[in-house]
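Undergrad: Generate coordinates for the sequence data below:
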Amino acid sequence: MPFWLELDREQCQQARMSRDPRFDGRFYVAVKTTGIFCRPICPAPLPKEENVEYFSNSALALQAGYRPCLRCRPDSAPHSWAWKGVETTFLRAIQLIEQGELQSSNLTHFSERLGISDRYLRQLFQTHLGVSPKQYAQYHQLMFAKQLLHSSAMSITDIGFACGFNSTRRFNDAFIKTLKLTPSQVRQSKTSRMLTNLLTLPFRGPFDWQHLLDFYRLRAIDAIEQVGDHTYQRTFNLQNTTGWFRASLTSPGHLDVEFELEDITKLRHLVAKLRRLFDLDADINQIETHLEHCAPGLVTHSGIRIPGVWNCWEAGVRAILGQQVSVKAAIGQLNLLVNTLNSHRASATYFPTPEQITQLDLSFLKMPKSRKETLKRFAELIHHTPEADIDSWLALKGIGPWTANYARLRGQSNSDCFLDTDLMVKKALLRFPELNATNASPWGSYATFHCWNQ
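TA: Residues are numbered from 1 along each chain as shown. Next up, the predicted model:
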């Protein structure tokens, strides 16, 4: 049993025998007699225990020579928390590679971004996974491609380019070599009736979609966000390209996303953004069980997830404009800012960039001069240092812990931001005095939203 597997063999056996959906994405079942690996919820007849192997990651099953099941589609399994506790640098490398960073960067530059040598990075991957970073990246490229073949009507050529392959021939060769199938064999005939740019993103557990929409609706920015009765839509800038998406929850376990993207090679980055934005990787059953143990009665509505914003820059601007005022007043100022910057645009409206704010006279904003100066200082910091850590924001006059924590909560979707100084949270704590940041950890953010929901 590999040491990186979160569960022991007996736990894996019990989970697959019961087809327990709570374990979907936490491990994979490979069948020696067929050469296929599956999700633990696969409806196929259960193989004998002596004929199976367990893997914590689909890339490991591919590396061992197994091909993905066409029935349960391992590519559509929700992500898991399986890497919790492993070295931080390795975790960050895994996350960035799964988002497609090695598509546009070589291993040397990628390692420098992580603050380590490429030799040490290769050593980490060999130690924890037994594969090289490049191999791991290609496995995820191919599994993402398989997901697109199943869940979109994009052409095979466009899917190859979206997944980082420079030619259709290279894409086909890599697909056949690793997955033992051609892209055409995987493609399902029903996709021809789908919208070309439609994705289905899987998640586990309950999802209170209406709660998320209601939260967004109160904070929506005119011309950038539109919140309907059942949909959320917005425009965005993503790595020097633009686009829009519209999300809806039409069936249990899957979020449908229609999108337009100027540069299709950025699709993996968009999917990573969407998964964070809608908190699709959270194991809600586990989180709510923990919170109910800490404070019985806290979870009155199941399925509450973190409603993210596009990035930390936007979260920071929202937090600064929202200091010591109501949500309605803050959105009023944000709309004024966006409309002023886009007053001469005939095309789509996008959230302001840090550079635009640095060059703008903010005297038109109806708020204290000190807050305008804070916004200007913040824009200058992010303009010159785009990846500035949120902790560094605290050095700016006018930005305190509440603003920083709000950005962590919604801009990073950090799972453990318990805003116990927030007025509404303080009121809820009168009913749940046993609840605190220590015992709510590592799910303090969810405790915050359940307090707000009281």
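Undergrad: and the lengthiest helix in the chain, which residues are buried?
TA: Counting residues, the longest helix found in the chain (DSSP state H) is helix 133-151. Within helix 133-151, the residues scored as buried using 16 or more other Cβ atoms under 10 Å are 133, 135-151. Using the backbone N, CA and C atoms, a C-beta is placed for each residue, glycine as well.
Undergrad: what comes up buried for the helix or strand just after it?
TA: Using DSSP states H and E, the helix or strand that follows helix 133-151 in sequence is helix 156-162. Using 16+ other Cβ under 10 Å as the test for burial, helix 156-162 gives 156, 158-162.
Undergrad: what about the closest residue to D279 other than its chain neighbours, how many neighbours?
TA: Leaving aside its chain neighbours, D279 sits nearest to R305 (3.7 Å; criterion: Cβ to Cβ, 6 or more residues apart in numbering). Neighbour count for R305, taken as other Cβ atoms under 10 Å: 25.
Undergrad: same check, this time on S326
TA: 9.
Undergrad: returning to that earlier point: thought the residue nearest to D279 was touching I287?
TA: No. Using Cβ atoms under 8 Å, R305 is not in contact with I287, being 9.2 Å away.
Undergrad: Would you verify that V257 is located in a helix?
TA: No. Counting by DSSP: H, G, I helix; E, B strand; the rest coil, V257 is not part of a helix but strand.
Undergrad: what residues are up against it?
TA: 198-201, 245-247, 274 (Cβ atoms under 8 Å, 6 or more residues apart in numbering).
Undergrad: In strands, which of those appear?
TA: When DSSP state E defines the strands, the subset of those inside them is 198-201, 245-247.
Undergrad: quick one: contacts of the lowest-mean-pLDDT helix or strand in the chain?
TA: Using mean pLDDT, DSSP states H and E, the weakest-scoring helix or strand in the chain turns out to be helix 88-98, at a mean of 83. Outside helix 88-98, the residues within contact range by Cβ under 8 Å, 6+ apart are 83, 102, 110, 113-116, 121, 124-125, 128, 133, 136-137, 140, 272.
Undergrad: go on, stretch 198-208?
TA: By Cβ under 8 Å, 6+ apart, the residues outside stretch 198-208 that reach it are 21-22, 24-25, 76-78, 148, 151-153, 249, 253-259, 271, 274-275, 278, 280-285, 301-305.
Undergrad: Would you list the buried entries among these?
TA: For the contacts of stretch 198-208, buried by 16+ other Cβ under 10 Å: 21-22, 24-25, 76-78, 148, 151-153, 249, 253-259, 271, 274-275, 278, 280-284, 303-305.
Undergrad: How about the contacts made by the residue nearest the centre of the chain?
TA: With distances taken as Cα atoms, centre = their mean, R276 lies nearest the centre of the chain, 2.4 Å away. By Cβ under 8 Å, 6+ apart, R276 lies in contact with 308, 412-413.
Undergrad: mind putting these in JSON lines, pLDDT included?
TA: Converted to JSON lines, those look like this (pLDDT from 0 to 100):
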{"residue": "G308", "pLDDT": "96"}
{"residue": "Q412", "pLDDT": "94"}
{"residue": "S413", "pLDDT": "93"}
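Undergrad: Need the buried ones from the residues you listed selected in PyMOL.
TA: A single PyMOL command selects the buried members of those (16+ other Cβ under 10 Å):
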select buried, resi 308+412+413
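Undergrad: Looking at the contacts of R276, which are in helices?
TA: Using DSSP H, none of the contacts of R276 sit in helices.
Undergrad: Looking at the contacts of R276, which is nearest P433?
TA: S413 (27.8 Å; Cβ to Cβ).
Undergrad: Flag the shaky bits of the chain, pLDDT-wise.
TA: 1-6, 80-86, 188-196, 343-346 (pLDDT under 70).
Undergrad: can you pull out the strands in it?
TA: 28-31, 36-38, 52-55, 67-68, 198-202, 225-227, 231-238, 241-251, 254-261.
Undergrad: With distance to Q11 added, can I get the ones you listed in a markdown table?
TA: Formatted as a markdown table, the strands of the chain follow (distance: least, Cβ to Cβ, whole Å):
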| stretch | distance to Q11 |
| --- | --- |
| strand 28-31 | 13 |
| strand 36-38 | 17 |
| strand 52-55 | 9 |
| strand 67-68 | 23 |
| strand 198-202 | 22 |
| strand 225-227 | 41 |
| strand 231-238 | 37 |
| strand 241-251 | 29 |
| strand 254-261 | 26 |
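Undergrad: Looking at these, spot the one closest to T358.
TA: So among those, strand 231-238 is nearest, using Cβ to Cβ, at 16.4 Å.
Undergrad: so how far is the closest one from its chain's centroid?
TA: 15 Å (Cα atoms, centre = their mean, to the nearest Å).
Undergrad: Enumerate the positions of it that are buried.
TA: Buried, per 16+ other Cβ under 10 Å, within strand 231-238: 231-236, 238.
Undergrad: likewise stretch 286-294?
TA: Buried, per 16+ other Cβ under 10 Å, within stretch 286-294: 287-288, 290-291, 294.
Undergrad: will you turn the residues you listed into JSON lines that also has distance to V227?
TA: Below are the buried residues of stretch 286-294 laid out as JSON lines (distance: Cβ to Cβ, whole Å):
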{"residue": "I287", "distance to V227": "25"}
{"residue": "E288", "distance to V227": "25"}
{"residue": "H290", "distance to V227": "30"}
{"residue": "L291", "distance to V227": "27"}
{"residue": "C294", "distance to V227": "32"}
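Undergrad: mind listing which of those are in helices?
TA: Short answer: those in helices (DSSP H) are 287-288, 290-291, 294.
Undergrad: before we move on, the earlier item: and the least confident helix or strand of the chain with helix 133-151, angle?
TA: Angle, helix 88-98 to helix 133-151, by axes from the mean of the first three to the mean of the last three Cα atoms, to 10 degrees: 40 degrees.
Undergrad: Convert helix 88-98 to CSV, retaining C-alpha atoms only.
TA: The C-alpha trace of helix 88-98 is given here as CSV (Å, rounded to 0.1, in the frame of the first residue of the first chain):
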residue,chain,number,x,y,z
THR,A,88,3.9,22.5,1.3
THR,A,89,6.1,23.1,-1.8
PHE,A,90,5.0,19.8,-3.3
LEU,A,91,1.4,20.7,-2.7
ARG,A,92,1.8,24.0,-4.4
ALA,A,93,3.6,22.4,-7.3
ILE,A,94,0.8,19.8,-7.7
GLN,A,95,-1.9,22.6,-7.6
LEU,A,96,-0.1,24.7,-10.2
ILE,A,97,0.6,21.8,-12.6
GLU,A,98,-3.0,20.7,-12.4
